[in-house]
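>>> Dropping a prediction and its sequence here:
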Amino acid sequence: MTHWVADKREGPAFTTRQKKNDCIIYTYGYLEACIAAGQLVPPEPKHVLHRPPPPPPPLGMDIDSEVDVVWPLEDAFGDPYEVDVDAADVRELLHQVRSNEI
């Protein structure tokens, strides 16, 4: 399985998928955004509840000179650095974080 949809970061189904660390878990808001657009849209950080880390670079690869080729402008979780966010995006992201994660 590569994709999963959940409404929050809790419950046995979410915990199981998160522990397996083998799929991206999207919010229902992502599905709503796709339906509103009539097509798949690029997910924004607020649409992702969990993302597995990117794969390691191939053996023998010079990481210092080629890291942008492997992970172009993304953090360790695969989220892009250059994405504009507004107050609503920040509120949604903070809403997704459980109080014990802060």
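Received, thanks. Numbering: from 1, shown residues only.
>>> Select the helix or strand of the protein having the lowest average pLDDT value.
The helix or strand of the chain with the lowest confidence, counting by mean pLDDT, DSSP states H and E, is helix 63-70 at a mean of 52.
>>> Next SSE downstream of it?
Counting by DSSP states H and E, the next helix or strand C-terminal to helix 63-70 is helix 87-96.
>>> any idea how far that following helix is from the chain center?
Distance, stretch centre to chain centre, for helix 87-96: 14 Å (C-alpha atoms, centre = their mean, to the nearest Å).
>>> Give me the buried positions along it.
For helix 87-96, burial by neighbour count (16 or more other C-beta atoms under 10 Å) applies to 92, 96. C-beta: built from backbone N, CA, C; applies to glycine.
>>> can you list contacts of it?
In this structure, residues lying in contact with helix 87-96 by C-beta atoms under 8 Å, 6 or more residues apart in numbering are 8-9, 27, 29, 44-46, 49, 85.
>>> Compute the number of surrounding residues for V83.
Counted with other C-beta atoms under 10 Å, residues neighbouring V83 total 12.
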